[in-house]
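Novice: what follows is a predicted protein model with its sequence.
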Amino acid sequence: MAEFLKEEYGTEPQLIKGKGGVFDVKLNGRSIYSKHETGYFPSNEEISAKINREK
């Protein structure tokens with residue numbers, strides 16, 4: 001996903017190692033996706049759609 005975001009948006013995602021399967025995506029300090037809340041790992045397309053809605 002990091003490579004996808006880099007190619008799609010021309011930015012280097014900041015990856016922070018977590019524990020217990022944590023996967024969150026934040027944009028400008030705001031959470032736009034939480035695996036803890038949804039229970040599944042998102043597709044690239046799902047994250048892209050969420051990013052585009054926030055722009």
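Specialist: Looks like it arrived, so ask away.

Novice: hang on, Thr11 packs against Leu5?
Specialist: Yes. Contact criterion CB atoms under 8 Å: Thr11 and Leu5 qualify, at 6.9 Å. Every residue, glycine included, has its C-beta placed from N, CA and C.

Novice: between those two, which one's more packed in?
Specialist: Leu5 (17 against 8; other CB atoms under 10 Å).

Novice: OK, contacts around the more buried one?
Specialist: Leu5 makes contact with Thr11, Pro13, Ile47, according to CB atoms under 8 Å, 6 or more residues apart in numbering.

Novice: now do the SS call for it.
Specialist: helix (DSSP: H, G, I helix; E, B strand; the rest coil).

Novice: contacts for stretch 11-30, please.
Specialist: 1-2, 5-6, 31-36, 41-42, 47, 50-51, 54.

Novice: lowest-confidence one in those residues?
Specialist: Minimum pLDDT for the contacts of stretch 11-30 is recorded at Glu54 (91).

Novice: residues near that residue, how many?
Specialist: Under the neighbour criterion other CB under 10 Å, Glu54 is assigned a count of 10.

Novice: and what of Gly20?
Specialist: Neighbour tally, Gly20, other CB under 10 Å: 5.

Novice: ok, now the one 3 residues further on?
Specialist: Applying the criterion other CB under 10 Å, we find 14 residues in the vicinity of Phe23.

Novice: and what of Ile51?
Specialist: Neighbours around Ile51, by other CB under 10 Å: 16.

Novice: much appreciated, bye for now.
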